[in-house]
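> For reference, the sequence and a predicted model appear below.
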Amino acid sequence: INEETFMEEEGVMKYLDNIMSTSRSILLLIVDLCDIHSQSFLSNITKIVRTNPLIIVGNKFDLLPSGASFQRLKIYFRNFAEDECDLSELHNSNVSVVSAKANYNINSLINRLEKNRDQRNIYVVGCVNSGKTSIINAIAKKIGIGGIRFHDKYRLTTSNLPGTTQNE
């Protein structure tokens with residue numbers, strides 16, 4: 001694994017601070033529901049996004065036990081995210097729970113993105129293997145790309161190996 005492809009939190013925060021301070025953007029923070037911990041969330045994220053929308057997405061709901069209550073998990077995840085990110089400071093934040101692989105609740109996420117889009121760029125961030133690429137693929141499959149129907153052969157590469165999807 002090439003360690004140069006990974007950014008430490010400080011580098012990510014500096015990069016996002018530059019983007020969020022100079023453009024109208026949406027930050028989509030992806031968190032693996034099977035691996036929720038304080039490092040899943042970026043510290044001081046509320047100061048970075050400023051007045052831009054922040055959407056925190058818990059992904060991989062399909063990997064939880066079949067008896068898991070969606071509503072209870074959503075409440076737990078929202079409370080955890082609010083504590084970790086101090087969402088009380090933001091007027092435009094949202095927490096969602098999805099499964100990119102099973103296309104569960106993806107339409108709801110798309111609706112939230114469209115509601116906040118208003119000519120904004122969308123930036124997707126999250127820990128390694130949180131499902132960032134899978135969510136992009138699931139969204140593209142539902143809405144297409146540039147009005148063109150999305151086909152699986154054009155999807156972004158996904159893998160269990162960290163660092164598979166890279167911005168060259």
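Done, it's in.
> For residue 56, give me its contacts.
29, 31, 41, 81, 85, 93-96 (CB atoms under 8 Å, 6 or more residues apart in numbering). In short, each C-beta sits where N, CA and C put it, glycine included.
> if you set the cut-off to 6 Å instead, what comes out?
29, 81, 95 (CB atoms under 6 Å, 6 or more residues apart in numbering).
> ok, now residue 60?
Residue 60 neighbours (CB under 6 Å, 6+ apart): 32-34, 131.
> what about the closest residue to it other than its chain neighbours, how many neighbours?
Closest residue to residue 60 apart from its sequence neighbours, by CB to CB, 6 or more residues apart in numbering: residue 33 at 5.0 Å. Neighbourhood size, residue 33 [other CB atoms under 10 Å]: 23.
> And the contacts of residue 60, which two are furthest apart?
Spatially, the most separated pair among these is 34 and 131, at 10.0 Å (CB to CB).
> Can you pick out the residue with more neighbours from the two?
The neighbour comparison of residue 34 against residue 131 (other CB under 10 Å) goes to residue 131, with 27 against 14.
> which one's the longest helix in this structure?
Ranked by number of residues, the top helix in the chain under DSSP state H is helix 70-85.
> any chance you could map the helices in this structure?
Using DSSP H, helices in the chain cover 9-22, 45-49, 70-85, 106-117, 132-143.
> I'd like those helices as CSV, with distance to residue 124 appended.
Shown next, in CSV, are the helices of the chain (distance: least, CB to CB, whole Å):
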stretch, distance to residue 124
helix 9-22, 11
helix 45-49, 14
helix 70-85, 16
helix 106-117, 11
helix 132-143, 5
